[in-house]
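Participant: make a model of this:
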Amino acid sequence: MKLVVGLGNPGREYERNRHNAGFRIVRHWASGQGGSFNEKRDLKGVVARVSVGEQDAIALLPLTYMNASGDSIQAVAKFYKIPVKDIIVVYDEMDLQQGTFRVKVGGGSGSHNGLKSIEFFGTDYLRLRIGIGRPPHPEIRPISHVLGNFTDEEIKHWEEQFPEVATCLEMLVEGKVSEAMNRFNRKEKD
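Facilitator: Predicted structure coming up:
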């Protein structure tokens, strides 16, 4: 069994935030796989069970807020007995151009507080990094950019991009990590 986690903040006021890219992607992906999310208070999140081919997966949206995502991830991983190597974390990444995504295995947390909250696992989990880009103007602080809302144009772009992201997630769940990296980690076009 795999655990696919979308990082973000719960609540309507955060739905369109760039920081909620992970939530948006995992919710959309799991729903498209026929999953139905249910709140599990003891697991501190909402979960959906999905199947991709022969592989079962739990999709998780932590309700602990970004900076404490690890509390929910730890509870779910323990409950379902999912090892770190079978965890896929989907999150926003300022160091990637808006509208792009990349697969990564391991690495540090950088300045991402959601990733910092799960460092107790180590760093050997799979990551699907969702590009939100840097602030467009130097006077915009990074935190304001991250907690700012996606523009309508950015949302439209992600909706168009979603079939590719869903295919990538499916490949990761099926264990086709190298194939996914070869296919989706291509250089950005100028």
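Participant: report the rounded mean pLDDT for stretch 138-145.
Facilitator: Average pLDDT, stretch 138-145: 86.
Participant: that stretch: which residues count as buried?
Facilitator: For stretch 138-145, a neighbour-count test (16 or more other C-beta atoms under 10 Å) marks residue 145 as buried. Every residue, glycine included, has its C-beta placed from N, CA and C.
Participant: endpoints of it, how far apart?
Facilitator: One end of stretch 138-145 sits 11 Å from the other (C-alpha to C-alpha, to the nearest Å).
Participant: can you give me the helices in the protein?
Facilitator: Secondary structure of the chain (DSSP state H): helices at 21-32, 69-80, 113-116, 142-146, 152-173, 177-184.
Participant: pull the second one out as CSV, backbone CA atoms only.
Facilitator: By that I understand helix 69-80. Below are the C-alpha coordinates for helix 69-80, written out as CSV (Å, rounded to 0.1, in the frame of the first residue of the first chain):
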residue,chain,number,x,y,z
SER,A,69,1.6,17.9,8.6
GLY,A,70,3.9,15.3,10.1
ASP,A,71,1.5,14.6,13.0
SER,A,72,-1.2,13.3,10.5
ILE,A,73,1.3,11.6,8.2
GLN,A,74,2.8,9.7,11.1
ALA,A,75,-0.6,8.6,12.4
VAL,A,76,-1.8,7.4,9.0
ALA,A,77,1.5,5.6,8.2
LYS,A,78,1.4,3.9,11.6
PHE,A,79,-2.2,2.9,11.3
TYR,A,80,-1.9,1.4,7.8
